[in-house]
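Undergrad: Provided below are the primary sequence and the corresponding predicted coordinates.
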Amino acid sequence: MLTKKQIEDWLLSMRISNYVINDDLSVDVNGDVYMSHTQLTKIPIRFGKVGGDFYCDNNKLTSLKNCPTSVGGDFYCFGNKLVSLEHCPTAVGGDFYCFGNKLTTLEHHPTSVRGLYAGDIKVKCSPDVSKWVITKQKDLFFNIDNPSPDMVILHQMLWEL
């Protein structure tokens, strides 16, 4: 486990500011976290809450361990080597981008999210057990807890194909 000083040094090296290191050594950030294109194979510190967007895309991550529990904005983990969404945030205020990985399921997806983009995943769940719809055009997943009439029609059309 890293010390508080090591956590502070790493945050400084990643240019992450406006943070609080909690007693359990998790880090809350009031703003965005940018860790894109840094060749990370793992996230070395444990994030708690992030108020803005969280960028860990285009790295070499094989796990989302240490990701925030909640993100106020968008969450970007595309372009990694992820095989699972385990450890991803449970709540994302914006959209969740996880395409370009080695995912074969959406298990462990955020339970609260505006939209989920997983363009290369090949998953088809029955409509009675899934809250996700796969469109044929852009492989865009929509949360349909409160579907619009257009989404209900789209959902029915896709399952009739």
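TA: That came in fine, so what should we check first? Residues are numbered from 1 along each chain as shown.

Undergrad: which residues of this protein fall in strands?
TA: Here the chain has its strands, by DSSP state E, at 19-21, 27-29, 33-34, 47-50, 54-55, 70-71, 75-76, 91-92, 95-97, 115-117, 132-134, 140-143.

Undergrad: in its sheet, what does the first one sit against?
TA: Strand 19-21 sits in its sheet next to strand 27-29 (antiparallel), going by DSSP bridges.

Undergrad: what number of residues lie near residue 17?
TA: 11 (other Cβ atoms under 10 Å). Any C-beta I mention is one placed from the backbone N, CA and C, and that applies to glycine too.

Undergrad: show the pLDDT at it.
TA: Looking at residue 17, its pLDDT stands at 94.

Undergrad: that older thread, looking at the strands of the chain, which is buried most?
TA: strand 75-76 (a mean of 28; mean count of other Cβ atoms under 10 Å).

Undergrad: what's that one packed up against?
TA: strand 54-55, strand 95-97 (3 or more Cβ pairs under 8 Å, 6 or more residues apart in numbering; DSSP states H and E).

Undergrad: so how far is that strand off the chain centroid?
TA: Mean-position distance between strand 75-76 and its chain equals 5 Å (Cα atoms, centre = their mean, to the nearest Å).

Undergrad: make residue 1 into 231 and carry on from there
TA: Sure, I'll start numbering at 231, so the last one becomes strand 305-306.
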